[in-house]
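In: what would the 3D arrangement of this be:
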Amino acid sequence: MAFAVCLGWCCCAAPAQEVVHALTGTVSSIDDKAKTITVFVDGGDLSVFKDMTNTKTSLSVDKKLLSDATTADDFKKQGAYVLVFYFSDGHARTAVALRSLGPGPFTAAAGTVTDFKGRRSISIIDKTGATQTFDLSSNTVAEGGYGAVNGAKFQAEKGDHVRVVGAAQNGEPIALFVTQTM
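Out: Residues are numbered from 1 along each chain as shown. As a prediction, this is how the structure comes out:
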């Protein structure tokens, strides 16, 4: 009985952590008054994110991912191509931070994983049969079923369906963002 009471107290006393996810898109508008950011999300949807106003919200995220990102409240680059770090309560999305991906040009490829070399590279074959290989770097962000992670922690297997957003760095394609798809 005492164990059950202690277990119940521990579960109730622990604050819930919000799992932080990531996606890519272009900032369409920023409304400082309403505290929202509208993003044209890759894939065609227009999505409105609330700014995270409660800085005491407990987040489940690798803090290194956010180290070079700007808080949603401070981000002011309309038209920027970004990674949006966010959490959702099932109805509304709350932007935690945004990371500008730079001037581009960017590539996007969706396909099936043919080779995954852990922390080094990912190769995919797209629906046209073309194979593309992207190097993974310390700045690669990946979105899996359990939220956003550093690309070095991303796990993929041959046959998985993914979407990769990349850019050229020193002439080599680098994955900036990898997400599992259905």
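In: so residue 27 touches residue 78, yeah?
Out: Yes. With contact defined as C-beta atoms under 8 Å, residue 27 and residue 78 form a contacting pair (5.3 Å). Every C-beta, even on glycine, is put in place using the N, C-alpha and C of the backbone.
In: now residue 126: closest residue in space, sequence neighbours ignored.
Out: If you skip the residues right next to it in sequence, residue 126 has residue 111 as its closest partner in space, 3.9 Å away by C-beta to C-beta, 6 or more residues apart in numbering.
In: pretty sure that neighbour sits in a helix.
Out: No. Counting by DSSP: H, G, I helix; E, B strand; the rest coil, residue 111 is located in no helix; its state is strand.
In: for it, give me its contacts.
Out: 124, 125, 126, 127, 132, 161, 162 (C-beta atoms under 8 Å, 6 or more residues apart in numbering).
In: what does the one helix or strand residue 143 maps to contact?
Out: When secondary structure is defined by DSSP states H and E, residue 143 falls within strand 131-144. With contacts defined as C-beta under 8 Å, 6+ apart, strand 131-144 is touched by 21-23, 65, 68, 83, 99, 107, 109, 111, 114-115, 119-126, 148-155, 164, 166, 169, 172-180.
In: before we move on, the earlier item: quick one: which of residue 27 and residue 78 has more around it?
Out: Regarding residue 27 and residue 78, a neighbour count based on other C-beta atoms under 10 Å identifies residue 27 as having more, with 21 against 12.
In: specify the beta-bridge partners of the more buried one.
Out: Taking DSSP bridges, one obtains residue 39 as the residues bridged to residue 27.
In: equivalent analysis for residue 93, please.
Out: Applying DSSP bridges, one finds that residue 93 bridges with residue 49, residue 88.
In: could you count how many residues lie near it?
Out: The number of residues packed near residue 93 is 19, by other C-beta under 10 Å.
In: what sits against it?
Out: With C-beta under 8 Å, 6+ apart as the criterion, the residues that contact residue 93 are 47, 48, 49, 50, 86, 87.
In: what about the last one, how many residues nearby?
Out: I take that to be residue 87. Residues near residue 87, counting by other C-beta under 10 Å: 21.
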